[in-house]
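S.K.: Structure for the following, please:
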Amino acid sequence: MKNFVLFLALFSIGIVLYPQWEYTAIDSVKQKWGDWDEPQWLRYFGLDAGDVNQDGLLDVVSGRYIYHQPKGSPQQSWKRTVLDDNVDGIFIMDVDGDAYADVIAQALPSIYWYEAVHPNGTQFVRHKIAEVPATSHVNSQGFEKAQIISGGKEELLIAGNGNVYLLTIPENPSEMAWPVQLIGSNTSDEGIGVGDIDGDGDMDIACGRRPEGKREPKILVWFENEGRFDTPWKDHYVAQTEHPIDRIQLGDLNGDGKLEIVVAEERYPGLEPDSNILWFERDDSNGKWKTSTLTTQYSSNNLELVDMDKDGDLDILTAEHKGEQLELQLWTNDGKATFTKTVLDTGKENHLGAKTFDMDNDGDLDIIGSAWDNYRWVHYWNNPSKSRKTDHLIAQYQGKDHYVIKTEGATYYYDIAGGGFSRMLDTYGNDWISFKQLTANYPQGASGTFRGLPNIVYQGEDNGAGHPGFDQCHSWFENGMLYSESKSKLWKWRWTFHDSHAELEILRVDPNRNYWFLYEGTPGGKFKPQSYYYGSDTAVKSSNTPDFYKGEAQFQPLQWAYLGVDNLNVTFFMLHKTNTPEKGLVSYLGNSEKGIESKDGMTVFGFGRGEDTNPLLSGRNRFIIGFHPKEIKGETEHEALSEFLKTIVIE
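M.R.: Model prediction:
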């Protein structure tokens, strides 16, 4: 009894209970839906994280509350912003492409967009954007953001009263109607799994279904995205479960390039430890699904697939909603779907939570959660692995001052006055940019002066901002992040460095000028197009050699792309995180009229560059670059890289 009282005391003040994960109570006095509206027993379902005030730290939305992460230490008091209405906030996202983060909230049948109108993330204007049928719990327990329609912003998936609806953000979200389309019929109002189940390049969904005449969803089905949104998608039976299907996630657990469907069952009232966490693996020889059981325990209404230990495979994160211990569990994958359980914490109930984000921008994944039975609590666990600190030094390269940032996966040389990278070294020491300060015209500049990344601004007052050698910027480090601003102050961006990648966020743009994001450099350190390969979200590995000088450059939509060199166990990847549908460029430019047969030159690869040297990007965008420590030899490695990229794309 004494130990139990001590445990409660420690819990109430947010003391660290496990040395490996530092716990903070974001809130312990949160109110519930039923304090303002019927039914009185109803709690909130929503939980998401995003940087609402643009300070580099992620904030949290849960119910009608926005919690602002304090600078210095998360154990300090989290300031609360209370939305004016009794709504259940489910997403933090930038809806309209301005400088502020917005909130999507439900009060079914109504869906609302809370448009941020102040940079501190405390002032919002409410827009009703859609209607989705209310559930038996009023609000939905199934909602996801996903790129269902190619290009544009992510769509919203919401389960309402036995169906799944797709909400599309229009081009002018405050002036145009938001399309609502029924894509999954006869489902539950619980979790929605999203992924490319049939391997055809688009996102499908998986849901629970109620047997005829029954209340509980015990049939697992998946819905096939055939590119049509005017009628419900075709459904496919997977399996029947012993208990109601609650949370669903999709991912490749065993490394075979195909997605498994992972399910957490719900038990109510949950007095016995008989709830299963299962995964289902499709057998292509007969179309049936094999069932495997991860564990049987108390009801675990929390589920996430994530590469927590950064070893290239997906681990399983869950937490008990019922039971005596209320364990927060990490099941570590050996890459072949054999899992080892680690208990990260106990005594803190979660419901639709245990979600991972890099909350403090230190390069590792932290965990947030919210409770249902103990609904007043919102949880935060800080990951102490501290995978890297953004250390840097100043060095001279090509006669200019550079920041040098060393990470586990790369070494970056950043031209302080240019605002762009002039060198990018893989772990073997190959320089994938190889900028040289030469005076040369087209195409001779491809041997040095033209090279760089991200090469943002083309023409105008700030021509060359973001490009090494142009001296159009001021750059500095602040809170571990690298900032650059053009001399005119019309442009501003920041880089965040992780061991596996670096992320660029465009913070301010000239409203009168478009831009692009380009990699111009030397894959593997040398210009040898005949040994290069490339691929993207729309095409598996190709060894074609589109010659820029001869007019063979390829212009195509790209969400992500990679470049590699035969027989080199490193692949460079780029990802356009904000998913705008503008064209990308794939080509090789030699430094002479011989084109790709020239002795020197560079790759020209990137997002938002159209024909006739036309920049296409506008507004705020985010990009990710990095090195994957494998050669892409075919479809298997292509799909593995695709899955890896999903793990590092965190809104």
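S.K.: Run through the residues that contact Thr24.
M.R.: Applying Cβ atoms under 8 Å, 6 or more residues apart in numbering to Thr24 gives the contacts Gly14, Pro74, Gln75, His379, Tyr380, Trp381, Asn382. C-beta coordinates here come from the backbone N, C-alpha and C atoms, glycine included.
S.K.: and the closest residue in space to Glu552 that isn't next to it in sequence, how many neighbours does it have?
M.R.: Nearest residue to Glu552, sequence neighbours excluded (Cβ to Cβ, 6 or more residues apart in numbering): Pro546, at 4.4 Å. Other residues within reach of Pro546, judged by other Cβ atoms under 10 Å, total 20.
S.K.: surely Pro546 meets Ser587?
M.R.: Yes. Taking contacts as Cβ atoms under 8 Å, Pro546 lies within contact range of Ser587: 4.7 Å.
S.K.: which residues do those two both contact?
M.R.: Glu552, Ala553, Gln554.
S.K.: and the closest residue to the second one other than its chain neighbours, what does it touch?
M.R.: Okay, so that is Ala553. In space, and not counting its chain neighbours, Ala553 is closest to Ser587: 3.7 Å by Cβ to Cβ, 6+ apart. Taking Cβ under 8 Å, 6+ apart as the contact definition, Ser587 lies against Pro546, Asp547, Phe548, Glu552, Ala553, Gln554, Thr603, Val604, Phe605.
S.K.: And for Phe223?
M.R.: By Cβ under 8 Å, 6+ apart, the neighbours of Phe223 are Val164, Ile183, Gly184, Asp204, Ile205, Ala206, Cys207, Pro232, Trp233, Lys234, Asp235, His236.
S.K.: remind me, longest helix of this structure?
M.R.: Across the chain, the longest stretch assigned as helix under DSSP state H is helix 635-648.
S.K.: ok so, going back, which two among the contacts of Thr24 are spaced furthest apart?
M.R.: Gln75 and His379 (12.7 Å; Cβ to Cβ).
S.K.: between the two, who's got more neighbours?
M.R.: His379 (28 against 17).
S.K.: need the contact list for that one.
M.R.: Contacts for His379 (Cβ under 8 Å, 6+ apart) come out as Tyr23, Thr24, Ala25, Ile26, Lys348, Asn350, Gly353, Ile367, Ile368, Gly369, Ser370, Ala371.
S.K.: hang on, the second one in a strand?
M.R.: Yes. Counting by DSSP: H, G, I helix; E, B strand; the rest coil, Thr24 is found in a strand.
S.K.: thinking again about what came up before, which of the contacts of His379 lies closest to Lys577?
M.R.: So of these, ranked by how close each gets to Lys577 (Cβ to Cβ), first place is Ile368, at 20.5 Å.
S.K.: Show me where this structure has its helices.
M.R.: Under DSSP H, the chain gives helices at 2-12, 635-648.
S.K.: Go through the ones you listed and find the least confident stretch.
M.R.: If the helices of the chain are sorted by mean pLDDT, helix 2-12 sits at the bottom with a mean of 34.
S.K.: Span of stretch 128-136 from start to end?
M.R.: 22 Å (Cα to Cα, to the nearest Å).
S.K.: That stretch - what's its average pLDDT?
M.R.: Rounded mean pLDDT across stretch 128-136 is 97.
S.K.: Number the residues from 10 up from this point.
M.R.: Yes, from this point I'll number from 10; that puts the last item at stretch 137-145.
S.K.: is it true that Asn285 touches His252?
M.R.: Yes. Applying Cβ under 8 Å as the test, Asn285 and His252 come out as touching, 6.8 Å apart.
S.K.: Now for this structure, the helix or strand with the poorest mean pLDDT.
M.R.: Every helix and strand in the chain was compared by mean pLDDT, DSSP states H and E; the lowest is helix 11-21, with a mean of 34.
S.K.: so how far is Gly106 from the residue nearest to Ala562?
M.R.: According to Cβ to Cβ, to the nearest Å, Ser596 stands 28 Å off from Gly106.
S.K.: Please apply the same query to Thr131.
M.R.: Distance from Thr131 to Gly106, by Cβ to Cβ: 21 Å.
S.K.: Pull the distance from stretch 349-356 to the chain's centre.
M.R.: Stretch 349-356 has its C-alpha centroid displaced from the chain centroid by 25 Å (Cα atoms, centre = their mean, to the nearest Å).
S.K.: quick one: average pLDDT of that stretch?
M.R.: Rounded mean pLDDT across stretch 349-356 is 94.
S.K.: Buried residues, it. List them.
M.R.: Thr351, Leu353, Asp354, Thr355, Gly356 (16 or more other Cβ atoms under 10 Å).
S.K.: do stretch 432-446 as well
M.R.: Those would be Arg432, Met433, Leu434, Asp435, Asn439, Asp440, Trp441, Ile442, Ser443, Phe444, Lys445, for stretch 432-446 by 16+ other Cβ under 10 Å.
S.K.: Give me the pLDDT for the closest residue to Asp424 other than its chain neighbours.
M.R.: In space, and not counting its chain neighbours, Asp424 is closest to Pro477: 3.8 Å by Cβ to Cβ, 6+ apart. On the pLDDT scale, Pro477 is placed at 97.
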